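Asks: mind looking at a prediction? Sequence and model below.
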Amino acid sequence: MESRDFITVARPPASIFENDTVQLQASEGEGVQGELFDRMEYPGACPNACAHCSAEGYGILAHFYDHAYPTKGQPYPQAVDAIQAPKKMFMGLAKFIKHHFLFSAFVLLLPNFLTKGIFKSLIRFFFYDYVMGAIKPYCFLAENRYCRSVRELRRAGFKVTSSLKTDDDTKDLLRCLLIALSNILEWDNAHRYRWQDIFGGEFNKEAFLKNPSKEISRLIPVQVGRERGWYDDKSRWGMIGFSLKLALMFSPFAKNLIKEFIKEVNLDEIKMDEGDEYHNLLRPDYDIHGWPQELRQKKFLAIRDKHIKENPDRIAEGNRARSRAESAAQANIYMQREKGVPFLLFFICPVKDGLSQVKMVETKFSLDNPKLKETCLEIIQGRGKTAQELEKEAEYLTKQDLTPLVGGTADKVESALGVV
């Protein structure tokens, strides 16, 4: 099996989000880097129109040193946690329909003037007030930053919703459902890959428009058969398929809405490209395209070995990055355990008659001294200080008990450095 040292990468910058309400967006450089991760890319336009970058060159891409294709999207922790709300809500609704299908069918068969207000309240109180409130601070990307398949889902969905002959309040609530669904697929690539594999690769438009229930019945065992039995994935997709069939059978509004969406959506924009396939070849929980695990492993190794052979300089660069990351990780562990990391500080100090002398200070990075880096740079670079001042600082550092003080140059150094 493939081994990686990390899952999440650097947090995305606030500039890629829809507006300035996004929370907890730290600087672009903050985050966790493992041995395989190279960089995040937020392209404005792709000069080569690569297949994995999409024709427009938009989206978000995570690049790896030793992989032939980048991955799409950036599932950082806050967004992944936030989408638990709509995921649980959709699944809870599917479970309710499955366990109370007679009641659900009865409600769907009631006249529209009796049920319309109930459905609108359900969506408003649960999805609009709760779900949207949970995901909005973390998930709302600028439209061009969603990956290609999710952009197509949103394009077709918003277009169909706008054209419906219904009141504006209902349209807004349907958009809410679409936004919640699209954010699940954007930030959870396990769900997005499955959706691309089945809807983009196996779905038959003509068959669905002719007999929706029959096409859904055909696809459910295909989806379930590709799950490898982790958790309750098999029963989960079965419940979702059953709920969808029930809605199509007993709700004319839902049937018309879904049919119009199917007519509008471009399945070629949904299905997996080579990069999506590559990053699913070693998935232990799902057989992409129905390929058995042994076949997927052979395909993965063939592509990766070719990439490594053709890009020796990039692989060497990745190994150097791995070494730096490991060193930084060890230093961080030592810092947390020992409250500091010992090091030697060297600097050149001018003396009389044009001669220079190398000075050394033995000190440590310390969790208790947050200004250490700034002060060390002042000593190393001189910052306009005279030889006498540098001499005085070096002498002070090597002789004094470093209790934080407030005052002149030596006191500033004292407050930031600890001498071993």
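Replies: Perfect, I can see it now. Numbering: from 1, shown residues only.
Asks: list of residues touching stretch 301-316?
Replies: Residues outside stretch 301-316 that contact it (CB atoms under 8 Å, 6 or more residues apart in numbering): 65-68, 278, 281. For the C-beta atoms, the positions are set from N, CA and C on the backbone; glycine is no exception.
Asks: this structure: strands as residue ranges?
Replies: For the chain, applying DSSP state E gives strands covering 37-41, 61-64, 71-72, 340-350, 356-366, 418-419.
Asks: mean pLDDT lowest where, among these?
Replies: Of all the strands of the chain, mean pLDDT reaches its minimum on strand 418-419 (a mean of 39).
Asks: farthest pair within the contacts of stretch 301-316?
Replies: Distance extremes for those: the farthest pair is Tyr65 and Leu281 at 18.1 Å, using CB to CB.
Asks: any idea how far Glu152 is from Val265?
Replies: In this view, Glu152 and Val265 are 6 Å apart by CB to CB, to the nearest Å.
Asks: an error on my part: the question was meant for Gln297.
Replies: Taking CB to CB, one finds Gln297 at 33 Å from Val265.
Asks: go on, Ala156?
Replies: 4 Å.
Asks: likewise His307?
Replies: Counting by CB to CB, the gap from His307 to Val265 is 33 Å.
Asks: what do you get for Met132?
Replies: Here Met132 is placed at a distance of 23 Å from Val265 (CB to CB).
Asks: try Lys98
Replies: To Val265, Lys98 is 26 Å away according to CB to CB.
Asks: neighbour count: those two, which is higher?
Replies: Shown here are Lys98 and Val265; by other CB atoms under 10 Å, Val265 has more neighbours (21 against 17).
Asks: where does pLDDT dip in the protein?
Replies: Within the chain, the ranges that satisfy pLDDT under 70 run 1-11, 19-35, 45-57, 229-233, 325-420.
Asks: so what are the domain limits for it?
Replies: 77-290, 339-419 (automatic domain parsing).
Asks: which of those domains sits most buried?
Replies: Among the domains of the chain, ranked by average contacts under mean count of other CB atoms under 10 Å, first place goes to domain 77-290 (a mean of 17).
Asks: start to end distance for that one?
Replies: 30 Å (CA to CA, to the nearest Å).
Asks: cool, stretch 257-271 as well?
Replies: 22 Å.
Asks: show me what that stretch is in contact with.
Replies: Outside stretch 257-271, the residues that touch it by CB under 8 Å, 6+ apart are 148-149, 151-153, 156-157, 159-160, 163-164, 174, 195-196, 199-201, 203, 205, 208-209, 212, 247-248.
Asks: can you check stretch 148-168 too?
Replies: Residues contacting stretch 148-168 (CB under 8 Å, 6+ apart): 54, 58-59, 72, 143-144, 146, 170-171, 174-175, 178-179, 181-182, 185-186, 192, 195-196, 200, 257, 260-261, 264-266, 269-271.
Asks: repeat the analysis, applying 7 Å as the threshold.
Replies: Stretch 148-168 has contacts (CB atoms under 7 Å, 6 or more residues apart in numbering) with 54, 59, 146, 171, 174-175, 178, 182, 185-186, 192, 196, 200, 257, 260-261, 264-266, 269-270.
Asks: and what of stretch 116-130?
Replies: With contacts defined as CB under 7 Å, 6+ apart, stretch 116-130 is touched by 85, 89, 169-170, 173, 176-177, 180.
Asks: show the end-to-end separation of it, please.
Replies: First-to-last residue span, stretch 116-130, CA to CA: 20 Å.
Asks: try stretch 267-277
Replies: Stretch 267-277: ends 16 Å apart by CA to CA.
Asks: ok, stretch 262-276 next?
Replies: End-to-end distance for stretch 262-276: 23 Å, by CA to CA.
Asks: correct me if wrong: Ala207 contacts Ser217.
Replies: No. In this structure Ala207 lies outside contact range of Ser217 using CB atoms under 7 Å: 10.8 Å.
Asks: okay, and the common contacts of these two?
Replies: Counting by CB under 7 Å, 6+ apart, nothing touches both Ala207 and Ser217.
Asks: the helices in the stretch 151-300 of the chain, which residues?
Replies: Assigned by DSSP state H, counting those that start in this stretch, the stretch 151-300 of the chain shows helices spanning 168-187, 189-195, 205-210, 212-226, 233-250, 252-264, 267-270, 274-278, 293-310.
Asks: which helices and strands sit right next to the second one?
Replies: Taking 3 or more CB pairs under 7 Å, 6 or more residues apart in numbering; DSSP states H and E as the contact definition, the neighbouring helices and strands of helix 189-195 are helix 168-187.
Asks: if we can go back for a sec, columns distance to Ser104 on top of the helices of the stretch 151-300 of the chain, output as CSV?
Replies: Formatted as CSV, the helices of the stretch 151-300 of the chain follow (distance: least, CB to CB, whole Å):
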stretch, distance to Ser104
helix 168-187, 17
helix 189-195, 24
helix 205-210, 22
helix 212-226, 15
helix 233-250, 6
helix 252-264, 12
helix 267-270, 28
helix 274-278, 35
helix 293-310, 38
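Asks: now do stretch 196-206: everything it contacts.
Replies: Contacts for stretch 196-206 (CB under 7 Å, 6+ apart): 149, 215, 219, 222-223, 262, 267, 270-272, 276, 288-289.
Asks: mind redoing it with 6 Å?
Replies: By CB atoms under 6 Å, 6 or more residues apart in numbering, the residues outside stretch 196-206 that reach it are 149, 222-223, 262, 267, 270-272, 288.
Asks: endpoints of it, how far apart?
Replies: End-to-end span of stretch 196-206 (CA to CA): 18 Å.
Asks: stretch 195-206 too?
Replies: The first and last residues of stretch 195-206 sit 19 Å apart, counting by CA to CA.
Asks: wait, which of the helices of the stretch 151-300 of the chain is closest to Pro111?
Replies: helix 252-264 (11.2 Å).
Asks: any idea of the angle that closest one forms with helix 233-250?
Replies: Using axes from the mean of the first three to the mean of the last three CA atoms, to 10 degrees, the direction of helix 252-264 lies 110 degrees away from that of helix 233-250.
Asks: how far away is the nearest residue to Arg228 once chain neighbours are set aside from Glu227?
Replies: Leaving aside its sequence neighbours, Arg228 sits nearest to Asp285 (CB to CB, 6 or more residues apart in numbering; 5.2 Å). Asp285 sits 7 Å away from Glu227, taking CB to CB as the criterion.
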